[in-house]
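Engineer: starting from these lines, generate the structure:
(one chain, ligands or ions: 2)
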Amino acid sequence: MPATRKDEISSILKEQIKAFDYDLEMKEIGVVVEVGDGIARVFGLQGAMSAEIVRFPNDVYGLVLNLEEESVGVALFGESERVQEGDEVRRTGRVLETVVGEELLGRVVDPLGRPRDGKGPIKTTKTRKAEIKAPGVVERLPVDTPLQTGLKAIDALTPIGRGQRELVIGDRRTGKTAIALDTIINQKDKGVACVYVTIAQKTSTIARVVDTLERHGALAHTIVVASEANDSTPMQYLAPYAGCAMAEYFTYAGKDAFIVYDDLTKHAVAYREMSLLLRRPPGREAYPGDIFYTHSRLLERAARLSDEHGGGSLTAFPIIETKAGDITSYIPTNVISITDGQIYLETDLFNQGFRPAINVGYSVSRVGGAAQTKAMKQIAGELRLELSQYRELAAFAEFSADLDEESKAQLARGDRLMEVLKQDRYAPMPVEDQVVSLYVAVQNHLADVEVSAVRRFEEEWLRFLHSEHEEILDDLRTRKELTDDIRATLDHAVAQFKERFGG
Ligand SMILES: Nc1ncnc2c1ncn2[C@@H]1O[C@H](COP(=O)(O)OP(=O)(O)OP(=O)(O)O)[C@@H](O)[C@H]1O
Ligand SMILES: [Mg+2]
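Structural biologist: Ligands and ions are numbered 1, 2, ... in the order given. Model prediction:
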């Protein structure tokens, strides 16, 4: 609409409203002066708060986003076709809330908490604000309890602690979602409530995720907050905040929660679209200037609360999709700087069959080490050292034909270590299984096993231990430490196992 016409309408409306002569009401009721693309510009709501919910006729709701002198910009939820110029808009005095509660577990809902799975109404009356101020420093404790993903490459090398924010980053189709789903599956019977938020995903992709969770018995402890590709941008924008509120319900009840935002790249795009429609000045890569704040205030809500505040935790895995592995573009650098580390996935590794395709050299966890069990820490230390030497040597070996025996042996050991870090999807492992798997590699028990046989060796080794030496695993479970006597019994068991293993 040309600016002149808009101004005209505004002035006409202003005149009309003046005629009513009730100042108070003028702040509480406004009039739509422009509507389109899921955004309405409303005149006469000067009293409205940012993020307040306003009501249009026909039960359409909107979220106040832009407060300007003359008008406010409102993002519409649902069918914007039902809103017309001249429609009355009422304040509700409430900021956006979503339903929360245990009743949501096992369900697929939209960002307003309405069922999206056809399983009938959700019987909860509890609500929470979609946006809250993140807990401050005094309300927080340092991370000290592990959140096991069940993936060796992560639990050993980039361990996650409860309350941590770890970025999962990589190009498209590198297994980002798979890592998040494995982590959710691994929380089964661990008392961690999970929330999986989809942002602008295809309906079929969401259905596949729900199906995967269900098949692995993980839907019962999970809430799927789904915003789809054909939802309005305000709905897509809102999804992570609403999901976060649903997860926080558990956190502030003293429980542990885990949330995945899949993905924040699409979230940034939705926010950019909304902002352009609201005619906010675009900044770098046409994103609005406050995109950093948009993501940081979301991720700040992940926390380990102190005991006085209930002692609950919220661990978050934001996902970011990169283009051609470029982590230096605007949104990735932003999110890298607000998280406590990143799990970096690579297309090359993925295509070479190294899955999960984690580049262990580029991945870090800045706080999770404090949360590792002692046994895992012992193994991880040895593993990390071996791997970094291996990487250096492998880079060197590419250009050199004759290597000394020692280097060859080290390369052979590294090849086997890398092999042991591979893992099928949907097969998370308990930490003691991970420890004994990595143990054989780190202790060089695989020297006489062909690289191609390493994964079969691992599988059968675990099966052997579970069937004949469960006591070693029990010991590890209870003592959480690789004591000398456990090492000795493991070495003995490996020797025993190798006699049967047809290498
Ligand atoms: N550890 C694994 N082992 C074998 N296959 C895997 C593994 N991880 C992921 N895959 C497969 O690779 C494909 C891509 O995985 P996934 O959907 O998790 O990637 P993504 O990075 O989330 O992709 P998108 O960019 O489409 O969101 C899927 O078909 C998935 O099943
Ligand atoms: Mg994905």
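
Engineer: find the closest residue to ligand 2 in the stretch 201-350 of the chain.
Structural biologist: Residue nearest to ligand 2 within the stretch 201-350 of the chain (C-beta to the ion): D262, separated by 5.8 Å. Every C-beta, even on glycine, is put in place using the N, C-alpha and C of the backbone.

Engineer: in the sheet, who's paired with that residue?
Structural biologist: T198 (DSSP bridges).

Engineer: and this protein, which of its residues are near ligand 1?
Structural biologist: 170, 172-178, 321, 355-356, 423-425 (C-beta under 6 Å from any ligand atom).

Engineer: among the residues you listed, which ones are in helices?
Structural biologist: 176-178 (DSSP state H).

Engineer: quick one: name the residues of the protein near ligand 2.
Structural biologist: 176-177 (C-beta under 5 Å from the ion).

Engineer: please parse the chain into its domains.
Structural biologist: 3-94, 99-118+147-372, 375-500 (automatic domain parsing).

Engineer: now those domains as JSON lines including mean neighbour count and mean pLDDT?
Structural biologist: Output for the domains of the chain, formatted as JSON lines (neighbours: other C-beta atoms under 10 Å; pLDDT from 0 to 100):
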{"stretch": "domain 3-94", "mean neighbour count": "17", "mean pLDDT": "80"}
{"stretch": "domain 99-118+147-372", "mean neighbour count": "21", "mean pLDDT": "95"}
{"stretch": "domain 375-500", "mean neighbour count": "16", "mean pLDDT": "92"}
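
Engineer: circling back: between which two of the residues of the chain next to ligand 1 is the distance greatest?
Structural biologist: The span of the residues of the chain next to ligand 1, defined through C-beta to C-beta, is set by E321 and D424 at 23.0 Å.

Engineer: and the lengthiest helix in the chain, what does it pack onto?
Structural biologist: The longest helix of the chain (DSSP H) is helix 374-397. On a contact count with 3 or more C-beta pairs under 8 Å, 6 or more residues apart in numbering; DSSP states H and E, helix 374-397 meets helix 152-157, helix 405-421, helix 431-442.

Engineer: let me have these in TSV, adding distance to E214 as columns.
Structural biologist: Below are those laid out as TSV (distance: least, C-beta to C-beta, whole Å):
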stretch	distance to E214
helix 152-157	24
helix 405-421	28
helix 431-442	24
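
Engineer: and which of the ones in helices among the residues of the chain next to ligand 1 is nearest to ligand 2?
Structural biologist: Distances from ligand 2 to these, taken by C-beta to the ion, are shortest for T177, at 3.2 Å.

Engineer: would you confirm that that closest one contacts I319?
Structural biologist: Yes - using C-beta atoms under 8 Å, T177 makes contact with I319 at a distance of 7.3 Å.

Engineer: what touches both of the two?
Structural biologist: Counting by C-beta atoms under 8 Å, 6 or more residues apart in numbering, the common neighbours of T177 and I319 are D262.

Engineer: who touches the spatially closest residue to D263 that is not a sequence neighbour in this structure?
Structural biologist: Closest residue to D263 apart from its sequence neighbours, by C-beta to C-beta, 6 or more residues apart in numbering: I319 at 3.9 Å. Under the criterion of C-beta under 8 Å, 6+ apart, the neighbours of I319 are 167-169, 176-177, 180, 260-265.

Engineer: tell me if I am right that I319 is in a strand.
Structural biologist: Yes - counting by DSSP: H, G, I helix; E, B strand; the rest coil, I319 falls inside a strand.

Engineer: bridging residues for it?
Structural biologist: V168.

Engineer: again, but for R128
Structural biologist: Residues in beta-bridge contact with R128 (DSSP bridges): T98.

Engineer: what is the neighbour count of it?
Structural biologist: Residues lying near R128 (other C-beta atoms under 10 Å) number 20.

Engineer: returning to that earlier point: CSV for the contacts of I319, including distance to S329?
Structural biologist: Compiled in CSV, the contacts of I319 are given as follows (distance: C-beta to C-beta, whole Å):
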residue, distance to S329
L167, 14
V168, 17
I169, 11
K176, 16
T177, 21
A180, 22
V260, 22
Y261, 18
D262, 19
D263, 14
L264, 13
T265, 10
